[in-house]
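Q: Kindly generate the corresponding structure for this input.
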Amino acid sequence: MTMKRIASRVWRSGVARGGRAQAVRRAVAIIAIGALGATASAGARACGYHVAIGGVSVVHPTSIPVAVAIHAAVRDGRLAPLAEAPAPLALLRANGAMRTLAMALQSETSDLPPVALVLVEAHLWGRVVPGGGPASWQAHADGPAGGDVIVVTGEPALAALLDGRLRWDAAIASGLVVLDGPAEGRARVVGILARQFS
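A: Below is the predicted model of the structure:
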């Protein structure tokens with residue numbers, strides 16, 4: 001069944017129940033999510049901003065402790081909760097935050113190793129890959145590649161880092177950000193991010 005037909009059925013059922021505004025919101029959300037999903041790769045569809053999620057999974061061994069630390073920080077008022085947004089807008093917001101962190105990494109590309117970033121709430125991956133020139137940013141990646149330095153965090157912590165409300169040393173010390181991967185590359189990435197967010 002096409003997205004247009006699904007939206008049409010949602011519209012008719014909502015209007016029949018007297019919920020015209022609710023039907024409009026549902027139809028728009030279904031069309032937007034469907035359009036976004038149609039352009040995503042098969043691997044990218046596994047992130048939490050898409051409708052088809054195959055149950056609970058762990059994206060990295062440290063993702064559960066990081067998620068717990070972020071939840072506790074939000075609960076205690078140390079981090080701001082994310083504003084609710086429809087999935088397509090939340091995906092744009094998350095990708096924008098990840099790209100900003102990638103730009104901070106790219107500011108010192110002379111010895112930058114490949115870096116994979118993941119947001120634990122949505123299992124959303126991105127990668128910074130150095131090349132002959134400036135490093136390239138790959139949004140909505142399938143996951144890390146062998147040898148990547150992996151940065152595990154969540155969107156509330158990432159937003160606080162980017163806004164200057166959270167210092168790098170505090171983020172690491174409180175478990176809001178965890179790095180994994182080869183020791184030498186990890187040390188380089190920690191050095192870059194500490195200079196950017198201290």
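Q: Could you pull up the residues touching residue 62?
A: When contacts are counted by CB atoms under 8 Å, 6 or more residues apart in numbering, residue 62 touches 152, 178, 180. C-betas here are computed from N, CA, C, even on glycine.
Q: same thing but 10 Å
A: Contacts for residue 62 were tallied using CB atoms under 10 Å, 6 or more residues apart in numbering; they are 69, 118, 120, 150, 152-153, 175, 177-180.
Q: swap in residue 117?
A: Contact analysis of residue 117 by CB under 10 Å, 6+ apart lists 97-99, 101-102, 105, 124-128, 137, 139, 141, 144, 148-153, 158.
Q: Run a quick neighbour tally on residue 147.
A: 11 (other CB atoms under 10 Å).
Q: Kindly report the same for residue 154.
A: Residue 154: 25 neighbours (other CB under 10 Å).
Q: before we move on, back to that, just the contacts of residue 117: which are in strands?
A: 124-128, 137, 139, 141, 149-153 (DSSP state E).
Q: would you list those in TSV and tack on neighbour count, distance to residue 113 and pLDDT?
A: Below are those laid out as TSV (neighbours: other CB atoms under 10 Å; distance: CB to CB, whole Å; pLDDT from 0 to 100):
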residue	neighbour count	distance to residue 113	pLDDT
124	26	21	92
125	24	16	93
126	22	15	94
127	24	11	94
128	28	9	91
137	20	15	88
139	17	19	89
141	23	15	90
149	25	5	96
150	24	11	95
151	28	12	96
152	23	16	95
153	29	18	95
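Q: Which of those residues sits closest to residue 92?
A: residue 139 (10.3 Å; CB to CB).
Q: any idea how far residue 78 is from the closest one?
A: Residue 139 sits 28 Å away from residue 78, going by CB to CB, to the nearest Å.
Q: go on, residue 62?
A: Separation of residue 62 from residue 78 (CB to CB) stands at 19 Å.
Q: Any stretches of the chain with poor pLDDT?
A: 1-58, 108-110, 132-133 (pLDDT under 70).
Q: Can you spell out the domain ranges of it, please?
A: The record's domain parsing of the chain by automatic domain parsing lists 3-39, 63-196.
Q: so of the ones you listed, which one's packed in deepest?
A: Mean neighbours per residue, mean count of other CB atoms under 10 Å, is largest over these for domain 63-196, with a mean of 18.
Q: Endpoint to endpoint, that one covers what distance?
A: The first and last residues of domain 63-196 sit 23 Å apart, counting by CA to CA, to the nearest Å.
Q: Show the contacting residues for residue 174.
A: Counting by CB under 10 Å, 6+ apart, residue 174 has contacts 69-70, 72-73, 78-79, 157, 166.
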